[in-house]
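In: The sequence and its predicted three-dimensional model are supplied below.
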Amino acid sequence: MPGVQPDLVASPVRKKAAARALEVHLEPGTRAAGRTAESGTERAVKALAAADGDGWASGKALRDAHRTWNEQVTKLMNRLGAEKTALRGTAHLYTGTDRAIGNGLRLVSPLDSF
């Protein structure tokens, strides 16, 4: 679309800032949100479990759902960590590539003969 800026962060500074935002805001917030259901869910599972048998089917279903929730939160945290690492690595790569190209151009500059 003419006149529309792509939503691609291509500068090392912006990539580092995005990685920092992941580290400072997204990861801690996601971790905290993932833990919000812990105590309440554990209490509900215990309340629905029978002392002398299998308990309510909803107790088992809730326990299974909670296990799945924890697995998904863990996968999300791993993904956020991987994205943060990739952003930092790409920022480093861009900076290194820019410097290498600049040094390469500098070596063959026609202005050196003046």
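Out: It's in. Numbers count the residues shown, from 1 in each chain.
In: what's the pLDDT at the spatially most central residue of the chain?
Out: Residue closest to the mean C-alpha point of the chain, counted by Cα atoms, centre = their mean, is L80 at 1.2 Å. Looking at L80, its pLDDT is 94.
In: which ones are touching it?
Out: L22, L26, E27, T30 (Cβ atoms under 8 Å, 6 or more residues apart in numbering). C-beta here means a position set from N, CA and C on the backbone, and glycine is covered the same way.
In: Closest one of those residues to K15?
Out: L22 (10.8 Å; Cβ to Cβ).
In: Tally up the residues packed near the closest one, please.
Out: Neighbour count of L22, defined by other Cβ atoms under 10 Å: 18.
In: phi, psi of it?
Out: phi -60, psi -50 (degrees, to the nearest 10).
In: what secondary structure does A10 sit in?
Out: Classification of A10 using DSSP: H, G, I helix; E, B strand; the rest coil returns coil.
In: For N70, see how far away it is.
Out: A10 sits 36 Å away from N70, going by Cβ to Cβ, to the nearest Å.
In: Compare those two (neighbour count), which wins?
Out: Each of A10 and N70 has its neighbours counted (other Cβ under 10 Å); N70 has more, 15 against 9.
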